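Novice: The following block contains a protein sequence and its predicted model.
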Amino acid sequence: MKICIVGQGYIGLPTAALFAKSGCEVVGVDINKEIIEKLNQGIAHIEEPGISDSIKNAVDQGHYHASLTPEEADTFIITVPTPYLPEDLSCDLSYVISACNSILPVLKKGNVVIIESTIAPMSTDEVIKPIFENEGYVIGEDLYLAHCPERVLPGQIMEELVNNNRIVGGITEECTKKAADVYRTFVKGEIIETEAKTAELSKCMENTFRDVNIALANELAKICAEIGVNALDVIEMANKHPRVNIHSPGPGVGGHCLAIDPYFIYAKAPETAKIIKLARDTNNSMPGFVIENTGKILSKLDKDAEKISVFGVAYKGNTDDARESPAFEIIAGLKAAGYEVVIHDPHFDNPDYLDFDDAIKDSSMILILSDHNQFKDMDYDSIKRNMKTKLIFDTKNIIKSVPEDVTLVNYGNLYK
Ligand code: SAJ
């Protein structure tokens, strides 16, 4: 089977690598020339466990190549981003539409077209299907169209793509069956067959469920700071109940999924989706909460503080993914408040970011915004030697203990 995957990002590239590993011939398409050149040399442009070796092997064995333009294939998979439109918070399908248009010149009768990008409910039926019908295809008879949302967690993508259950929602039953067969090539999880709109809404609701739960944890953190209770203890205690799972409060919700997908549902039913919208607003308020508390902590512990060391801009620990990261709003807010802000993130090559020792030199606070493993246990001797004030504000609540002469503030003691 030859597969053409349009979009070689966090989902498209690992998916390409796995199809190639199962013996398919894969062409990975992207609009970025630099990425294409790198990929054809066997170099992955994303940081994800296992991806570098897989792409190198796939290129070496001749199962994978990258291209700026789609090629004839049996199956086309679209894995391009779907941002939201700030005007009305709806799903921006422009990349998906242009990806679909880009395959039209090479599309043939009998092909399978799968949309993996997260899309608002009804998008496959109302927006994507007509693109192919306008070319004369009869969906379900001579072209098979389905939505199969990706559901993998960055950092575990290669493993989850294989083992997670997969929802396959076709326009017709025949579309569903054909698309499900494509995934049977390498998926070990259950392949659940449904219709496109159910697959679309299920995917959006998975991320909305998580976003709403995180909002609840963030609201709890705020309540605890206000009334003087240890939020982390409350979560630990409550989670001892077998049916309770309060999520972790943090500096806000980042990434291309949780921070966006709930809006796709909200935009479809704004009068009804009240909890969904409130959760988004609550999570969006967290950078402000961090900025406010940074000011409060420093006014108690270092009134003439000038320099703050932000540790981590990745939205997720142990990755180089900073999409929609709340860190940037926090950094901008602290700068606007007059602080000198320096950034340390060992997962980024950015020349503006400093290494550990330079970042903490004469600093009044280490502000942890990403849960990278490197931050869980730091060089406290260097912290004692180099920092103006030996103070850590850990908004990810990852540091368990610090030496006596270092002050640790987290969501468990904000009220103190
Ligand atoms: N976060 C919290 N508290 C928590 C959990 C997460 O503040 O208790 C924050 C994280 O720090 C991060 C954001 O939420 O900023 C999102 O991270 P995440 O780990 O929850 O999820 P994503 O966005 O990396 O991946 C999600 C996953 N969806 C679900 O778990 C339901 C993944 O399975 C999806 O494939 C992915 O979205 C996607 O592509 O849609």
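Specialist: Received, thanks. Numbers count the residues shown, from 1 in each chain.

Novice: The ligand contacts on this protein?
Specialist: Within the chain, the positions near the ligand by C-beta under 6 Å from any ligand atom are 118, 150-154, 206-207, 210, 214, 247-248, 250, 253-255, 257-258, 315-316. Backbone N, C-alpha and C define where each C-beta goes, glycine included.

Novice: Chain neighbours aside, what residue packs nearest to the residue of the stretch 301-416 of the chain at minimum distance from the ligand?
Specialist: Here the residue of the stretch 301-416 of the chain nearest the ligand is Tyr315; by C-beta to the nearest ligand atom that distance is 4.2 Å. Nearest non-adjacent residue to Tyr315, counting by C-beta to C-beta, 6 or more residues apart in numbering: Gly254, 2.7 Å away.

Novice: Over to that neighbour. Which of the three states is it?
Specialist: coil (DSSP: H, G, I helix; E, B strand; the rest coil).

Novice: Buried ones among the residues of the chain next to the ligand?
Specialist: Buried positions within the residues of the chain next to the ligand, assessed by neighbour count (16 or more other C-beta atoms under 10 Å), are 118, 150-152, 154, 206-207, 210, 214, 247-248, 250, 253-255, 257-258, 315-316.

Novice: could you pull out the helices for the stretch 201-350 of the chain?
Specialist: 231-238, 261-268, 274-284, 286-301, 326-336 (DSSP state H, counting those that start in this stretch).

Novice: hey, C-alpha coordinates of the first one in PDB?
Specialist: Extracted C-alpha coordinates of helix 231-238, given in PDB (Å, rounded to 0.1, in the frame of the first residue of the first chain):
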ATOM      1  CA  ALA A 231      -4.400  23.000  47.600                       C
ATOM      2  CA  LEU A 232      -2.000  20.200  46.900                       C
ATOM      3  CA  ASP A 233      -3.000  18.400  50.200                       C
ATOM      4  CA  VAL A 234      -6.700  18.900  49.300                       C
ATOM      5  CA  ILE A 235      -6.100  17.200  45.900                       C
ATOM      6  CA  GLU A 236      -4.200  14.400  47.400                       C
ATOM      7  CA  MET A 237      -6.900  13.700  50.100                       C
ATOM      8  CA  ALA A 238      -9.800  14.000  47.700                       C
END
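
Novice: centre of the chain versus it, how much separation?
Specialist: The chain centroid and the centroid of helix 231-238 are separated by 26 Å, computed with C-alpha atoms, centre = their mean, to the nearest Å.

Novice: And stretch 287-301, by the same measure?
Specialist: Distance, centroid of stretch 287-301 to centroid of chain: 27 Å (C-alpha atoms, centre = their mean).

Novice: which parts of it are buried?
Specialist: In stretch 287-301, counting by 16+ other C-beta under 10 Å, buried: 287, 289-291, 293-294, 297-298, 301.

Novice: re the thing from before, Glu324 is in contact with the residue of the stretch 301-416 of the chain closest to the ligand, correct?
Specialist: Yes - counting by C-beta atoms under 8 Å, Tyr315 touches Glu324, with 6.3 Å between them.

Novice: what's the overlap in contacts for those two?
Specialist: Taking C-beta atoms under 8 Å, 6 or more residues apart in numbering as the contact criterion, the common neighbours of Tyr315 and Glu324 are 253-255.

Novice: can you give me the end-to-end distance of stretch 237-250?
Specialist: Start-to-end span of stretch 237-250 (C-alpha to C-alpha, to the nearest Å) is 18 Å.

Novice: Looking at it now, give me its mean pLDDT.
Specialist: On average, the pLDDT along stretch 237-250 is 98.

Novice: The helix or strand of the chain with the lowest mean pLDDT packs against which elements?
Specialist: Across the helices and strands of the chain, mean confidence by mean pLDDT, DSSP states H and E is lowest for strand 84-85: a mean of 90. Judged by 3 or more C-beta pairs under 8 Å, 6 or more residues apart in numbering; DSSP states H and E, strand 84-85 is in contact with strand 90-91, helix 261-268.

Novice: Out of those, flag the one nearest Ala58.
Specialist: Proximity to Ala58, assessed across those by C-beta to C-beta, is greatest for helix 261-268 (29.8 Å).

Novice: How about residues contacting that closest one?
Specialist: Contacting residues not belonging to helix 261-268 are listed as 84, 88-91, 118-122, 201, 203-205, 207-208, 211-212, 273, 276-277, 279-280 [C-beta under 8 Å, 6+ apart].

Novice: In JSON lines: the buried residues of stretch 287-301, plus pLDDT.
Specialist: What follows is those, written out as JSON lines (pLDDT from 0 to 100):
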{"residue": "Pro287", "pLDDT": "98"}
{"residue": "Phe289", "pLDDT": "98"}
{"residue": "Val290", "pLDDT": "98"}
{"residue": "Ile291", "pLDDT": "98"}
{"residue": "Asn293", "pLDDT": "98"}
{"residue": "Thr294", "pLDDT": "98"}
{"residue": "Ile297", "pLDDT": "98"}
{"residue": "Leu298", "pLDDT": "98"}
{"residue": "Leu301", "pLDDT": "97"}
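
Novice: quick one: contacts for the residue nearest to Tyr315?
Specialist: 315-316, 322-327.

Novice: what does Leu145 give?
Specialist: So Leu145 contacts 112-115, 124, 128-129, 132, 139, 170-171, 175, 196 (C-beta under 8 Å, 6+ apart).

Novice: The residues you listed, buried ones only, as a ChimeraX selection?
Specialist: Per 16+ other C-beta under 10 Å, the buried members of the contacts of Leu145 correspond to this ChimeraX selection:
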select :112,113,114,115,124,128,129,132,139,170,171,175,196
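
Novice: Which of the contacts of Leu145 fall in strands?
Specialist: Here DSSP state E is the test, and the contacts of Leu145 give 112-115, 170 as lying in strands.

Novice: Which of these lies at the shortest distance from the ligand?
Specialist: Taking those together and measuring to the ligand by C-beta to the nearest ligand atom, the closest member is Ile115, at 13.6 Å.

Novice: wait, isn't the closest one in contact with Ala146?
Specialist: Yes - here Ile115 reaches Ala146: they are 7.4 Å apart, a contact under C-beta under 8 Å.
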